[in-house]
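Chemist: Next come a sequence and a model predicted from it.
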Amino acid sequence: MKFDTKTIHGGQEDIDPAYGAVMPPIYQSSTFKQISPGKDKGYAYARSGNPTRTALEKSIASLENGKYGLAFGSGLAAIDAIFRLLKPGDEVISTSDLYGGSFRLFDGVFKDMGIRFHFVNMQTTKSIEKYINDKTKLIWVETPTNPMMSIIDIESISMLSKQHKILLAVDNTFATPYLQQPLELGADLVMHSATKYLGGHSDVIMGSVVVNDDSLAERLYFIQKACGAVPGPMDCFLVSRGIKTLHLRMQRHCENGKAIAQYLRKHPKVQQVYWPGFEDHPNHEIAKKQMKGFGGMVSFSMKGNSYEEAMSFLKKLCIFTLAESLGGVESLAGHPASMTHGSIPKEEREKSGVVDSLIRLSVGIEDIEDLIEDLQNAFRK
């Protein structure tokens, strides 16, 4: 089954054996009638499992060419579940340029639980090797990274991780399985903030993890059930519905993202544009190899590196909405240093390029002429 067909039918065989509903029904029930004590029809209590959630988990697993999918109450809940696979004394090598919420979870929660983190620029595998020791249990990768759009070679890192018997997890939120499938490149775990492109309509909070390994899936299912950070059936329904147009939306996100990146690069008030589709972008060739397209996320810095100038520009946008998050049908603009990455210390932010004049755009699926005109007006005013 081709990807575009999978978005609609993947993992959805016999989704409603009772009545043959085309869409997964919303089983808005916290508990299920048992045939006899301890014997049920597949579901007993909704924290452990819900038919609407199962349909979504199978759909996401299908998109990533994985055997097992698990849905969680948020992207951070999904990351939290992965890190509960570790124990005190374990070490993690993480991308240095990463989502601020991930950094906050690592540095503010798991570090205090005895997990040691090494935040590394992963542009080459050599930068990773020197941090590997017998306590290293996980390599955490974002690619493209948030918000600097750095590209990391998943296949090369997977070879390194397998050599040392280390788990490799990839946050695939920016690329989505439409553009990139990390399991196919050797990753052990793929994580999504399904809030973003998978849901696609800025109306739900959810996370997901996909794996192929049976024992890894069993451990994660136990964590999901025991910790209980699960989504409700209505949220699962909304993401299932969003996935059915993922391929169409991503095509437009990519087209509009390219046009916006090219426009910004020519603008005299722009210092630098971060978009992996440029031929001179670091690791552009790797992006071409492991991605189907370059996505709808674009970051850029204003000349003069002025916080005030960036704020002034953002306030003058009309179609681009000043807001956190990304991946919805509508275009959003944000200031990473004070919004999504505000939890990272200023000195650490700036090492990765998150300066005060940096603006991140989530380019939506509106008419491209309207989007460019909106940017033009903000620059002009």
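Modeler: Thanks, I have it. Numbers count the residues shown, from 1 in each chain.
Chemist: Please, where are all the strands along the stretch 201-350 of the chain?
Modeler: With DSSP state E, counting those that start in this stretch as the criterion, the stretch 201-350 of the chain has strands at 207-211, 270-274, 297-302, 321-322, 332-334.
Chemist: Compare those strands and report which one is nearest to residue 58.
Modeler: strand 207-211 (10.6 Å; CB to CB). In this view, the C-beta of every residue, glycine as well, is placed from N, C-alpha and C.
Chemist: helices or strands next to the closest one in the packing?
Modeler: The contact analysis (3 or more CB pairs under 8 Å, 6 or more residues apart in numbering; DSSP states H and E) places strand 207-211 against helix 51-63, strand 68-72, helix 75-83, strand 189-193, helix 214-227.
Chemist: Rebuild those as a markdown table, extending it with distance to residue 334 and mean pLDDT.
Modeler: Shown next, in a markdown table, are the helices and strands packed on strand 207-211 (distance: least, CB to CB, whole Å; pLDDT from 0 to 100):
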| stretch | distance to residue 334 | mean pLDDT |
| --- | --- | --- |
| helix 51-63 | 26 | 97 |
| strand 68-72 | 24 | 98 |
| helix 75-83 | 16 | 98 |
| strand 189-193 | 15 | 98 |
| helix 214-227 | 30 | 98 |
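Chemist: winner for burial among these?
Modeler: Ranked by mean neighbour count, the helices and strands packed on strand 207-211 are led by strand 189-193 with a mean of 30 (mean count of other CB atoms under 10 Å).
Chemist: Could I get the helices and strands packed on strand 207-211 in JSON lines, plus columns for distance to residue 173?
Modeler: Shown next, in JSON lines, are the helices and strands packed on strand 207-211 (distance: least, CB to CB, whole Å):
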{"stretch": "helix 51-63", "distance to residue 173": "12"}
{"stretch": "strand 68-72", "distance to residue 173": "13"}
{"stretch": "helix 75-83", "distance to residue 173": "7"}
{"stretch": "strand 189-193", "distance to residue 173": "5"}
{"stretch": "helix 214-227", "distance to residue 173": "18"}
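Chemist: Can you lay out the strands of the stretch 201-350 of the chain as CSV showing mean neighbour count, mean pLDDT and distance to residue 192?
Modeler: Output for these, formatted as CSV (neighbours: other CB atoms under 10 Å; pLDDT from 0 to 100; distance: least, CB to CB, whole Å):
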stretch, mean neighbour count, mean pLDDT, distance to residue 192
strand 207-211, 28, 98, 5
strand 270-274, 18, 97, 22
strand 297-302, 24, 96, 14
strand 321-322, 14, 98, 22
strand 332-334, 22, 97, 18
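Chemist: Of those, which is nearest residue 161?
Modeler: Across the strands of the stretch 201-350 of the chain, closest to residue 161 is strand 207-211 (CB to CB), at 14.2 Å.
Chemist: Provide the count of other residues in contact range of the closest residue to residue 170 other than its chain neighbours.
Modeler: Spatial nearest neighbour of residue 170, excluding adjacent residues (CB to CB, 6 or more residues apart in numbering): residue 182 at 3.9 Å. By the criterion of other CB atoms under 10 Å, residue 182 has 28 neighbours.
Chemist: so residue 182 sits right up against residue 154, yeah?
Modeler: Yes - here residue 182 reaches residue 154: they are 5.4 Å apart, a contact under CB atoms under 8 Å.
Chemist: And residue 89, how far from residue 113?
Modeler: From residue 89 over to residue 113 the distance is 10 Å, taken as CB to CB, to the nearest Å.
Chemist: Now residue 92: which helix or strand?
Modeler: strand 91-95 (DSSP states H and E).
Chemist: Quick one: list the elements packing against that strand.
Modeler: strand 116-120, strand 136-142.
Chemist: returning to what we had before: what is in contact with residue 182 and residue 154 at once?
Modeler: residue 170 (CB atoms under 8 Å, 6 or more residues apart in numbering).
Chemist: need the contact list for the residue nearest to residue 170.
Modeler: Applying CB under 8 Å, 6+ apart, the residues near residue 182 are 64, 154, 170, 172, 190.
Chemist: Among these, which one is most surrounded by other residues?
Modeler: residue 190 (32 neighbours).
Chemist: show me what contacts that residue?
Modeler: Counting by CB under 8 Å, 6+ apart, residue 190 has contacts 64, 66, 169, 170, 172, 177, 181, 182, 183, 209, 210, 211.
Chemist: and of those, the nearest to residue 73?
Modeler: residue 209 (12.4 Å).
Chemist: isn't the closest one right up against residue 82?
Modeler: Yes - if you go by CB under 8 Å, residue 209 and residue 82 touch, sitting 6.3 Å apart.
Chemist: which residues are common contacts for the two?
Modeler: Joint contacts of residue 209 and residue 82 (CB under 8 Å, 6+ apart) are 189, 191, 220.
Chemist: Would you mind listing the residues in contact with the last one?
Modeler: Same thing as residue 220. Residue 220 neighbours (CB under 8 Å, 6+ apart): 68, 70, 81, 82, 85, 209, 211.
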